[in-house]
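Colleague: how would this look folded up:
(chains A and B)
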Amino acid sequence: MKEKNNPFNITKASDFTDEQIKSFWVEYPGGFEKIMKPTSPMPMIIRGGKGSGKTHLMRQYSFPLQKLRHTKDLLEGITKDGYLGIYMVCGGINANRFYGKGQSTEIWNSIFAYYMDIWLSQMVLKTTSEIYTDNNELKNVEKKICSEILNLFDSIDNRPNTLIGLLDLLVSIQKSIDFDVNNCAITKKLETRISVSPAKLIFGIPKILKKLLPSMKKILFVYLIDEFENLQEEQQKYINTLVRERQSPSTLKIGGRKYGFRTKLTLSAGEDIKKGSEFELLELDVNFQKKKEYKKFIDLLCTKRLTKNDFIKESSSVEISNFFDTYLNSPFEQERTKFIIKKYDGQERPYFSSLKSKLRDGFDRFGLSGISKKAEIDGIIERLSVKDYPLVEKFNVFQFYQSWSQGKNLKAASIAISKECIKFINKKDGTSSGYGTYSYHFNYWKEDLLIQLFRECDQRTEYVDFSTFIELSHGLPRNLLIILKNIYRWSEFNNEKPFQGGKISIDAQTRGVQEASEWFYSDARGANEDGRLIRDSISRLGELFRACLFSDKPVEVSSAGFSYDPSKITAKAQRIIDLAEEWSLLVKIQEGEKNRNSTRIDSKYVLNKMISPLWQLPVARRGTILFVPEEVNAIFDPEQKDSFKELLNKRLVKMNAPFKKTDKSYDLFGLFK
Amino acid sequence: MTDYTIFYKDYFNNTADVSKLGPWDIFVSTYSLDERIVKVFDAISANEKYWLIHKEYNFASGEVPSASGFIKVYDPTQREDEADFISNFFGSLRITDKTKLCIDITAFTRPTLIFLMYFLKNSLKLRKFELLYSEPNYYSAQEKTVFAEDVTKVSQIAGYEGKHVPDNLKDVLIIGTGYDHSLITHVAEDKEYAQKIKIFGFPSLKADMYQENILQVQKAVEAIGTHIAPPFAYYAPAYDPFVTASILNEILENLKEEGNYTNIYLCPLGTKAHVLGFALFYLNQCFDAPISIIYPHCSYKNKKDSVGLSGVWKYVIEFN
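Modeller: Model (predicted):
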């Protein structure tokens, strides 16, 4: 039998050929056309995190893909489409050479604009001559087209009368600019003669084609400019100016990473381009964070990968989640926790050892409410024990810590917890029976307590199930593909047959997720000084969430989000938060968080779910921690990072027994080693 | 096509042998705190010796050597790009085709070394000169050694900018892989749309350095792909610039044969011997083609990245 390749090996559109882009294309529920609006003359800025699918989307609307879709009659197909996609990647123009070398910014701005115009014009002309290869319509007016295009130049010596000749002319102009720009590094002289005004060719050529070629009458020329982040700020101003001064029948769609849009300024009197009136903004990953549609889209994406790689048949209807092993539903999560019963047979379970030691220490140092003799501590442990259901036991311990933190009579608390617990267990199914009850709280805290339980019993946190992977990808399809790619590798390594019968093991799923998470963290930040500052800040934030999650009495459930008053933090802290958001390590919650003590709306962010596994955080998100300004500054402002340990300790004192400031320094999890 | 195998190279096991070389009229080296740099500098016999100070090493005041006797120091007050640095320094010397010139390339930053080759060939029009490259006993933190970081920009190197074409459907990026995986990722992402070809340093300078290299490259696998065999991966000795240039020529011929490229980008991130091979290949075969050398310029370079000195290579460079 033929060895199968990992169907998720290719994770980037740039690694796909045009044929593969076409063949692996899947529609978003409702259609991408509604999102991309290829026939709309309004310019569009497509902003998205790394791996949000910008390139795939832009290439789908480019001429090479139009050509593949309209194999019978290209011109008719393009006419029906109503647009012609001229796709360029900014990386190809090698923009960084239009800088320095002893020349002023103004000179470079002019040269860059000229070069860009010549570059894009070549693409338009090459595409046009390809469309009309076997069509006489062009031949009849070719001389006239050339003449009118040449008239756009201020002065030009050579006057070719075919499109091919005109293309050759543009190539020679481009090479001459290349020569000047390249030599300038050594000669420090730049004497390029600019022979056409900025934008005149870019907007002028489509106008001429529309006027002289009847079949182009209703076609919109869409300049699809990808990888905007590869242009410098001054160069982006030129493109912004093109957006502002767009002329029919042309428009622009500009794609770039979130951190790559360096300016909104134009070269027109230093004014900004305006969202709404001058361009439409498409935030791709915000769009993908709409759960229902995203899930459907990801299902289709994975099914297509499996179909094209012969794992499943074209027509078969498959539930992707069925390929992954998962836990059987069992009352009180008995299935997932039964290893604890075996592992600690005849021994005290670790959460009880820890509680006992803290009670003894607390008794000696401060005394305990409701406990007069140290020996009573064993009775407390006894009452909280439920040998067959470790998770229920763990929940009892958690409730007991809550009572302790509130200064309650601890003996009475243990009796009350035990009573409620027996009622709950006797119900047998572990389901919730209404707000405020023991069962309600059990189900509310269950996932966090399971993570604590696993950690205390030396078991790693497990990330399983297809729906978890979709959650983890946090609106970036490439993340999902990388998770599945790694899971597939681990599954093969474990001698399984992934997607070919049998289930993919929990071990392969967890290892695959962990690896993808590590990759994302190292990849999603710049390799410069800012990148290091972002990494350090996110690392402090992750440690704080982890310390809260693993505390005796977490205040918020499943928290990996934080809110703060933006008016009270330093500019440096806010800058790093913004950068971390642009690099997709933090996700901004646009509506913010209503402050509990006032009418103020605080800024709110969550940690990208993709990096949750690095700190064993749960994937499901509910709680948000309100940070005081000093905490935000200590996490994000590099100049205030030294106060982080102290502020974290201050927070943890309220969350860990004995819930009092002691002379002991809290280094609960070896965070500062 | 140039036959790179006819270039002359020699290997010396110890500094005693190195001290017997020369004497040269001018010897130039870039200063770092590595033993392999300082020992060779001290052993060399020359009428004038120059230390070049690269700002990327971020030396503290007092850390750099002072001029004394026939030893001079070029330490510009401001950071200069590679073209200005080399032009200003070498432009100030009286070098002719008759000058016996030797340069230790070991501690040069890669962009400076690449431009140096362009400058010696095209500006000073030298036909023959000699280069030294020293091997360490081991890198200071084995595979975790960071040589350069804090990328400020990915850009073409002056003199190696080529003449590119707008069609980039079949662009190719050829990376000479080194230990700095963040640099590999950075450059691969700058040319994300290009097909990636890797050149590994094998045989490596020391037996374990190949494994160390692979461990680091693995961290950039999402950006450059997993292939480890032709036509996506090739091997050239880490100490041999001439074989490196020959391998690049082989890759180019293969690509031409298959009609399989629009633009080519070369990015040498391996040993300085590899870097030299990339520069030689370009200067001999790529002028005016849609080919350029690009580099992720860094603001930080490790001033002590290795331990010991295990041997010295001498390369004799000759241009037509």
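
Colleague: show me what contacts residue 11?
Modeller: I'll assume chain A. Residues near A:Thr11 by C-beta atoms under 8 Å, 6 or more residues apart in numbering or on different chains: A:51, A:478, A:481-482, A:485, B:222. Where C-beta positions appear, they are placed from N, C-alpha and C, glycine not excepted.

Colleague: ah, I was thinking of chain B
Modeller: So B:Tyr11 contacts B:311-314 (C-beta under 8 Å, 6+ apart).

Colleague: buried residues in whichever strand or helix holds it, which are they?
Modeller: Here B:Tyr11 sits within strand B:8-12, counting by DSSP states H and E. In terms of neighbour count (16 or more other C-beta atoms under 10 Å in any protein chain shown), strand B:8-12 has its buried residues at B:9, B:12.

Colleague: after that strand, which helix or strand is next?
Modeller: helix B:15-19.

Colleague: list the helices and strands that following helix packs on?
Modeller: Under the contact definition 3 or more C-beta pairs under 8 Å, 6 or more residues apart in numbering or on different chains; DSSP states H and E, helix B:15-19 sits against helix B:35-43, strand B:311-318.

Colleague: only alpha carbons, please: show whichever helix or strand comes after it as CSV.
Modeller: Tracing the chain past helix B:15-19, the next element assigned as helix or strand by DSSP H and E is strand B:24-30. In CSV, the C-alpha atoms belonging to strand B:24-30 read as follows (Å, rounded to 0.1, in the frame of the first residue of the first chain):
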residue,chain,number,x,y,z
TRP,B,24,52.5,40.7,4.2
ASP,B,25,52.5,44.4,3.6
ILE,B,26,49.1,44.8,5.2
PHE,B,27,47.2,42.5,7.5
VAL,B,28,43.6,43.3,8.5
SER,B,29,41.4,41.6,11.1
THR,B,30,38.2,42.3,12.9
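
Colleague: partners of strand B:24-30 in the sheet?
Modeller: Here strand B:24-30 has these sheet partners by DSSP bridges: strand B:46-52 (parallel), strand B:101-104 (parallel).

Colleague: hmm, who's touching the longest one?
Modeller: The contact list for strand B:46-52, computed with C-beta under 8 Å, 6+ apart, reads B:22-31, B:41, B:64-65, B:70-75, B:85, B:89, B:102, B:108.

Colleague: run the last query once more with 6 Å
Modeller: With contact meaning C-beta atoms under 6 Å, 6 or more residues apart in numbering or on different chains, strand B:46-52 is reached by B:23-28, B:30-31, B:65, B:70-74.

Colleague: tell me who's in contact with the closest residue to B:Gln218 other than its chain neighbours.
Modeller: Among residues not flanking B:Gln218 along the chain, B:His181 sits closest, at 7.9 Å (C-beta to C-beta, 6 or more residues apart in numbering or on different chains). If you count contacts by C-beta under 6 Å, 6+ apart, B:His181 has them with B:216, B:219-220.

Colleague: mind putting those into JSON lines with pLDDT and neighbour count?
Modeller: Listed next are those as JSON lines, based on pLDDT from 0 to 100; neighbours: other C-beta atoms under 10 Å in any protein chain shown:
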{"residue": "B:Gln216", "pLDDT": "84", "neighbour count": "20"}
{"residue": "B:Lys219", "pLDDT": "82", "neighbour count": "16"}
{"residue": "B:Ala220", "pLDDT": "84", "neighbour count": "26"}
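
Colleague: so which strand or helix has B:Lys196?
Modeller: Here B:Lys196 is assigned to strand B:195-201, by DSSP H and E.

Colleague: who are the packing partners of that strand?
Modeller: In terms of contacts (3 or more C-beta pairs under 6 Å, 6 or more residues apart in numbering or on different chains; DSSP states H and E), strand B:195-201 is packed against strand B:172-176, strand B:233-236.

Colleague: for chain B, what's the nearest residue on the stretch 351-500 of chain A?
Modeller: A:Ile482 (6.9 Å; C-beta to the nearest C-beta).

Colleague: before we move on, the earlier item: and the helix or strand following the strand holding B:Lys196 with strand B:172-176, angle?
Modeller: Proceeding C-terminally, strand B:195-201 gives way to helix B:207-217 as the next helix or strand, assigned by DSSP H and E. Counting by axes from the mean of the first three to the mean of the last three C-alpha atoms, to 10 degrees, helix B:207-217 lies at 140 degrees to strand B:172-176.

Colleague: and the contacts of helix B:207-217?
Modeller: B:142-143, B:177, B:179, B:181, B:202, B:204.

Colleague: swap in stretch A:605-620?
Modeller: By C-beta under 6 Å, 6+ apart, stretch A:605-620 touches A:447, A:451, A:461, A:463, A:468, A:471-472, A:474, A:479, A:513-514, A:517, A:520-521, A:542, A:545-546, A:558, A:560-561, A:584-588, A:621.

Colleague: follow-up on the earlier one: Serialize the contacts of helix B:207-217 to a markdown table and add fields for pLDDT.
Modeller: Listed next are the contacts of helix B:207-217 as a markdown table, based on pLDDT from 0 to 100:
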| residue | pLDDT |
| --- | --- |
| B:Gln142 | 81 |
| B:Glu143 | 81 |
| B:Thr177 | 92 |
| B:Tyr179 | 85 |
| B:His181 | 88 |
| B:Phe202 | 88 |
| B:Ser204 | 82 |
